[in-house]
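Chemist: need a 3D model of the sequence below.
(chains A, B, C and D)
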There are 2 protein chains.
Amino acid sequence: MDDLETRELRYFVAVAEELHFGRAADRLGIAQPPLSRAIRKVEHRLGVQLLARDRRGVALTDAGRVLLDEARTALDAVTAAARRTRRAADPRRPLVLATKAGASHELLQRLLDLLAEDAQAAPIEILLCEVAEQAGLLRDGSADVALMHHPYDDLAGFDTEELSVEGQVAILPAKHPLAARDQLTLAEVSNVPDLPIARWPQLDGTYPDGPGPEVHTQSQLAQLVALGRTLLVIPASSRAWQWPEHVAVPVVDAPDVTTVIAWRPSSRSQEVAALVRSATALRATA
Amino acid sequence: MDDLETRELRYFVAVAEELHFGRAADRLGIAQPPLSRAIRKVEHRLGVQLLARDRRGVALTDAGRVLLDEARTALDAVTAAARRTRRAADPRRPLVLATKAGASHELLQRLLDLLAEDAQAAPIEILLCEVAEQAGLLRDGSADVALMHHPYDDLAGFDTEELSVEGQVAILPAKHPLAARDQLTLAEVSNVPDLPIARWPQLDGTYPDGPGPEVHTQSQLAQLVALGRTLLVIPASSRAWQWPEHVAVPVVDAPDVTTVIAWRPSSRSQEVAALVRSATALRATA
DNA sequence: CCGCTGTGATACCTCACCGGTATCACAGCA
DNA sequence: TGCTGTGATACCGGTGAGGTATCACAGCGG
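Modeler: Numbering: from 1, shown residues only, chains lettered A, B, ... in the order given. Next up is the predicted model:
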């Protein structure tokens, strides 16, 4: 079997992301020539052209795009293997729960309270992350479970249990005329000329086109709202947005958001199973 | 980052499976001393003891068990990366559909007929496999989609669409008294002294205890039934079991079996999506 | 008690290959 | 026609993977 080595995968990902051998080599901490050689070797081994070098720049071929995607998940799996093994050997390892900072605050609080009461429960560690990071953290073994939100997050590849369903609110600058309303519709908020929707980076790191400001952290966004530059529509339970300059107005026709607890389906740990059981028990008391 | 190399993962898996450095080295085609060194190095790098060597034999530690599991999936992901990349570069690549030999025969026939009519549809290749192999084939990129059966197969980690639901039948030797019945119950078939249920290998390759014969392919099983040595309960649509010496009797209280089409959630290929759409279209006409 | 066998670990050597430096070939551009 | 920036090539040195020979030790049969 002519398996690729993880080193080769790392190299390819670096080049595919930078689209520049020099910068990629820099990022990897090696010189450019060995990197060029390594990539050619991979191409030769696979019998496939991955990069189109046309003097002055590099572009991904179709096959290269596929490998970029596959290599990322394969590398995640490899790091996860090391991480989980180390944690398995740690006698007092806490479970790591990843969640978006500020989201589902009350639910999380109740979950932690419940676990605190239960002397049996494994210790738990909260890993707060930015939007849409949870999937990666689960995949590379940085987290054991995550709170995620349908339809915002991509739940593909995980097992989930539904925890709660809630409506959404628009977060507006307090001074804006719309902030005085006691309810809004999607049509009303989706096209406010002086409050264009902010744009998040896509998977490849580039930003979609549009009039709104570019952001990649929640605090940036919170500040932009406070400054009266944008608005957003989020689940009602989110607590990252309670600045004095913010006003939350229910959006009556926005799709409901479901908070779920997610974990890797192959996780056979009883601790994870017990945690999920505790979390779902909260539903009854909700 | 101290990522493990795939070579190291392969080495560890070999030792963990053989529980014997010499045999593992043999299987890997290298000598024993480098293998010992490589494993020690991994243990040192992770700071974790993976194997308990106690003179005369090797045993897995808890952490070792975790790594064995994680390493297998990581290696699958790496092989999948190479395989899918190669296939992406192949202009006339067919989609590969994995299914248990003999199962859901009519459904498969109708699906192939439907695709044959559709000139647009990508060419498709059928990969027949033994019981429970489909998950591995999907994971390591050998197959794009699979027909799987709930609750028999482990669907964890895949996206699925339900295709059909059916009852189960007992397959019996024609000469056996129970073969004359026109229906049976689970209680009746589960404990027939002269027809003990056959035993399949578990994940680790060992067989569970019990009176029944050990099998690992369907044809072995088919023959054992014909010989009057065992019986089995399977979905009504299975066609691998129509030997003249076999009789199928409905088991009225057996749980229904759902045939699903499954694929890797991260698969972004339109061909796969189109195939799934075709398959689900069959439901309406069923 | 003494070999004998089978285990993994150790010692030591060799050479492949990874990575480094220097340089080339070439496209854009003043 | 140089200058700059790109990736490819040439060549060299050191690390480390893998080989052979051997050890240390536990069982076990005589």
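Chemist: show me what from chain A comes close to DNA strand D.
Modeler: Contact residues (CB under 7 Å from any atom of the strand) of chain A with DNA strand D: A:19-22, A:32-33, A:36-37, A:39-40, A:53, A:55-58. All C-beta atoms are positioned from the backbone trio N, CA, C, and that covers glycine.
Chemist: what are the buried residues along the longest helix seen in chain A?
Modeler: The longest helix of chain A (DSSP state H) is helix A:62-89. Residues of helix A:62-89 classed as buried: A:63-89 (neighbour count, 16 or more other CB atoms under 10 Å in any protein chain shown).
Chemist: which stretches in chain A count as strands?
Modeler: With DSSP state E as the criterion, chain A has strands at A:51-53, A:58-60, A:95-100, A:124-129, A:145-150, A:159-166, A:168-173, A:232-235, A:246-251, A:257-263.
Chemist: tabulate these (CSV), appending mean neighbour count and mean pLDDT.
Modeler: Output for these, formatted as CSV (neighbours: other CB atoms under 10 Å in any protein chain shown; pLDDT from 0 to 100):
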stretch, mean neighbour count, mean pLDDT
strand A:51-53, 15, 88
strand A:58-60, 16, 87
strand A:95-100, 23, 90
strand A:124-129, 16, 86
strand A:145-150, 24, 92
strand A:159-166, 16, 92
strand A:168-173, 24, 88
strand A:232-235, 21, 86
strand A:246-251, 18, 88
strand A:257-263, 22, 94
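Chemist: the residue of the stretch 101-250 of chain A found nearest DNA strand C: how many residues sit nearby?
Modeler: Residue of the stretch 101-250 of chain A nearest DNA strand C, by CB to the nearest atom of the strand: residue A:140 (21.7 Å). Other residues near residue A:140 come to 20 when the count uses other CB atoms under 10 Å in any protein chain shown.
Chemist: quick one: residues contacting it.
Modeler: Neighbouring residues of residue A:140 by CB atoms under 8 Å, 6 or more residues apart in numbering or on different chains: A:76-77, A:79-80, A:83.
Chemist: does anything pack onto the longest helix of chain A? Which helices or strands?
Modeler: Where contact means 3 or more CB pairs under 8 Å, 6 or more residues apart in numbering or on different chains; DSSP states H and E, helix A:62-89 is packed against helix A:6-18, helix A:134-139, helix B:6-18, helix B:32-46, helix B:62-89.
Chemist: turn these into a markdown table, including mean pLDDT.
Modeler: Below are the helices and strands packed on helix A:62-89 laid out as a markdown table (pLDDT from 0 to 100):
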| stretch | mean pLDDT |
| --- | --- |
| helix A:6-18 | 93 |
| helix A:134-139 | 91 |
| helix B:6-18 | 93 |
| helix B:32-46 | 91 |
| helix B:62-89 | 92 |
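Chemist: any chance of JSON lines for those helices, columns distance to residue B:256?
Modeler: As requested, the helices and strands packed on helix A:62-89 are exported to JSON lines (distance: least, CB to CB, whole Å):
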{"stretch": "helix A:6-18", "distance to residue B:256": "43"}
{"stretch": "helix A:134-139", "distance to residue B:256": "32"}
{"stretch": "helix B:6-18", "distance to residue B:256": "36"}
{"stretch": "helix B:32-46", "distance to residue B:256": "45"}
{"stretch": "helix B:62-89", "distance to residue B:256": "30"}
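Chemist: need the residues of the stretch 1-150 of chain A near chain B, please.
Modeler: Within the stretch 1-150 of chain A, the positions lying close to chain B (CB under 8 Å from any CB of the partner chain) are A:1-7, A:9-10, A:46-50, A:61-63, A:65-67, A:69-71, A:73-75, A:77-82, A:84-86, A:88-89, A:141.
Chemist: among the residues of chain A next to DNA strand D, which one sits closest to chain B?
Modeler: Set against chain B, the nearest of these by CB to the nearest CB is residue A:39 (13.0 Å).
Chemist: just give me the neighbour total for that closest one.
Modeler: 22.
Chemist: let me see the contact set for it.
Modeler: Contacts for residue A:39 (CB under 8 Å, 6+ apart) come out as A:11-12, A:15, A:21, A:50-51.
Chemist: likewise for residue A:124?
Modeler: A:94-97, A:112, A:115, A:275.
Chemist: residue contacts, the nearest residue to it once chain neighbours are set aside?
Modeler: Spatial nearest neighbour of residue A:124, chain neighbours left out: residue A:95 (5.0 Å); criterion: CB to CB, 6 or more residues apart in numbering or on different chains. Neighbour list for residue A:95: A:122-125, A:144-145, A:271-272, A:275 [criterion: CB under 8 Å, 6+ apart].
Chemist: reformat those as a markdown table; add distance to residue B:259.
Modeler: Listed next are these as a markdown table, based on distance: CB to CB, whole Å:
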| residue | distance to residue B:259 |
| --- | --- |
| A:122 | 38 |
| A:123 | 43 |
| A:124 | 39 |
| A:125 | 41 |
| A:144 | 33 |
| A:145 | 31 |
| A:271 | 34 |
| A:272 | 29 |
| A:275 | 33 |
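Chemist: having no further points to raise, I will conclude here.
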